[in-house]
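Enquirer: for reference, the sequence and a predicted model appear below.
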Amino acid sequence: MYKTADGEEIFIIDGHVAFWDGSPANQKNRHGAEFIDCFYDYHRNLSPEEWIWPHDKFTKYNEETFIHDLFEDGYVDMAIFQPVGLHDFYKEPFGNVAKNQALIDKYPGRLVGNGYFDPRDGDEGLERLEEWAKTYHLQGIKLYTAEWHGDSKGYKLSDPWAQRYLASCLRLGIRNIHVHKGPTIKPLNIDAFDVADVDDAASAFPDLNFIVEHVGLPRLEEFCWIATQEANVYAGLAVANAFIHTRPRYFAQIISELLYWMDEDRILFGSDYALWQPKWLIEKFMNFELPEDIAQETGVRLTREVKKKILGENAARLYGIDIAAAKGQLSQDAIARNARQAG
């Protein structure tokens with residue numbers, strides 16, 4: 001829980017976290033090393049110096065670190081797993097749905113577990129999606145449209161098989177489709193992360209919510225034109241948040257464009273942990289104000305009420321989380337008790 005200087009408590013839902021294994025022992029080939037090394041470059045280049053991890057810790061961190069950084073030190077009340085398989089690069093899934101579920105069970109109420117699918121898996125993948133939906137009670141899916149699959153180096157949400165999977169999500173009650181549409185990660189191809197196919201999918205499936213992670217960067221303008229006409233398209237701030245440190249004016253431009261074209265009800269905070277730590281991101285965001293010239297031009301303001309929506313209320317609405325009830329439950333769990341004992 002983040003507490004303001006005047007004592008207001010702000011409920012934080014981190015909409016984009018991972019518990020990955022990018023270690024050398026799990027790398028299937030050189031591409032596994034390239035992928036996690038590219039992640040590390042983002043981490044190192046955009047983090048404050050005191051928050052940079054050593055490389056070996058970054059490739060595979062433990063449960064204790066994960067829980068501490070999010071819930072004990074990082075102000076986060078609840079977090080949503082956004083796993084990705086990357087089966088062509090890693091022996092076990094880079095983001096392991098079963099391992100995520102073990103943490104969900106161990107820390108009741110703290111974590112929400114999403115799954116993933118790849119439409120190139122055909123009927124077998126559809127069967128697995130249905131099994132996961134029932135076993136893990138999925139409310140959301142994370143998609144990497146640039147993920148490699150044999151000779152294929154990406155797919156589009158408008159592809160016939162992708163449409164079949166989205167229809168299956170709708171039937172299974174999986175409403176939240178988180179799609180990586182942002183910066184590329186080596187060796188994936190940036191063109192396969194193009195945001196244009198979100199327009200087709202959002203129009204075809206108006207009862208699904210399409211959360212565009214990383215707000216389409218570097219295609220922010222194209223994303224905004226899509227989001228302004230598709231009411232079921234949302235902006236996930238993971239990656240974009242991190243520019244608040246190294247490029248605060250650039251971040252101001254990003255957030256003001258989102259508020260201008262969309263509204264504060266369709267923007268979700270995400271730390272993209274362990275790329276970045278939520279503590280410093282949240283502190284800087286809560287203290288952040290738009291430069292006056294940008295505020296004047298766009299006519300938007302980043303007020304405390306807007307920040308509260310972005311930091312938790314919007315994700316709570318998408319995932320059916322009663323914030324008042326969650327506060328009561330979580331205030332009595334072991335994490336909260338340990339925090340109180342530690343002062």
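Expert: On my side now, so go ahead.

Enquirer: distance between the ends of stretch 292-305?
Expert: 19 Å (C-alpha to C-alpha, to the nearest Å).

Enquirer: what does that stretch contact?
Expert: Identification of contacts with stretch 292-305 by C-beta atoms under 8 Å, 6 or more residues apart in numbering yields 4, 8, 249, 252-253, 255-257, 259-260, 264, 288-290. C-beta here means a position set from N, CA and C on the backbone, and glycine is covered the same way.

Enquirer: quick one: mean pLDDT over it.
Expert: The average pLDDT for stretch 292-305 rounds to 96.

Enquirer: buried stuff in that stretch?
Expert: By 16 or more other C-beta atoms under 10 Å, the buried positions in stretch 292-305 come out as Ile294, Ala295, Thr298, Val300, Leu302.

Enquirer: show me what contacts Phe210?
Expert: Contacts of Phe210 (C-beta under 8 Å, 6+ apart): Ile177, Val179, Val198, Ala201, Ala202, Glu230, Asn232, Val233, Tyr234.

Enquirer: can you list those in a markdown table and add secondary structure and pLDDT?
Expert: Shown next, in a markdown table, are those (DSSP: H, G, I helix; E, B strand; the rest coil; pLDDT from 0 to 100):
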| residue | secondary structure | pLDDT |
| --- | --- | --- |
| Ile177 | strand | 98 |
| Val179 | strand | 98 |
| Val198 | helix | 98 |
| Ala201 | helix | 98 |
| Ala202 | helix | 98 |
| Glu230 | coil | 97 |
| Asn232 | coil | 98 |
| Val233 | strand | 98 |
| Tyr234 | strand | 98 |
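
Enquirer: which among the residues you listed end up buried?
Expert: Buried among these by 16+ other C-beta under 10 Å: Ile177, Val179, Val198, Ala201, Ala202, Glu230, Asn232, Val233, Tyr234.

Enquirer: make TSV out of the residues you listed and add distance to Tyr165.
Expert: Below are the buried ones among the contacts of Phe210 laid out as TSV (distance: C-beta to C-beta, whole Å):
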residue	distance to Tyr165
Ile177	10
Val179	12
Val198	15
Ala201	10
Ala202	15
Glu230	19
Asn232	17
Val233	18
Tyr234	19
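
Enquirer: closest to Trp53 among those residues?
Expert: Nearest to Trp53, judged by C-beta to C-beta, of the buried ones among the contacts of Phe210 is Val179 at 27.2 Å.

Enquirer: sketch out the low-pLDDT regions of this structure for me.
Expert: 343 (pLDDT under 70).

Enquirer: tell me where the stretch 101-250 of the chain has helices.
Expert: For the stretch 101-250 of the chain, applying DSSP state H, counting those that start in this stretch gives helices covering 122-136, 160-172, 197-204, 220-227, 243-246, 248-261.

Enquirer: of those helices, which approaches Lys284 most closely?
Expert: Proximity to Lys284 (C-beta to C-beta) singles out helix 243-246 among those, at 4.8 Å.

Enquirer: what segments of this protein are strands?
Expert: With strands called from DSSP state E, the chain shows them at 2-3, 9-10, 13-17, 78-81, 111-113, 115-116, 140-143, 176-180, 209-213, 233-236, 267-268.

Enquirer: now distance to Cys224 too, for those strands, in TSV please.
Expert: Converted to TSV, the strands of the chain look like this (distance: least, C-beta to C-beta, whole Å):
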stretch	distance to Cys224
strand 2-3	28
strand 9-10	26
strand 13-17	19
strand 78-81	23
strand 111-113	27
strand 115-116	26
strand 140-143	20
strand 176-180	16
strand 209-213	10
strand 233-236	9
strand 267-268	12
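
Enquirer: which among these is found nearest to Phe58?
Expert: Of the strands of the chain, nearest to Phe58 by C-beta to C-beta is strand 13-17, at 14.5 Å.
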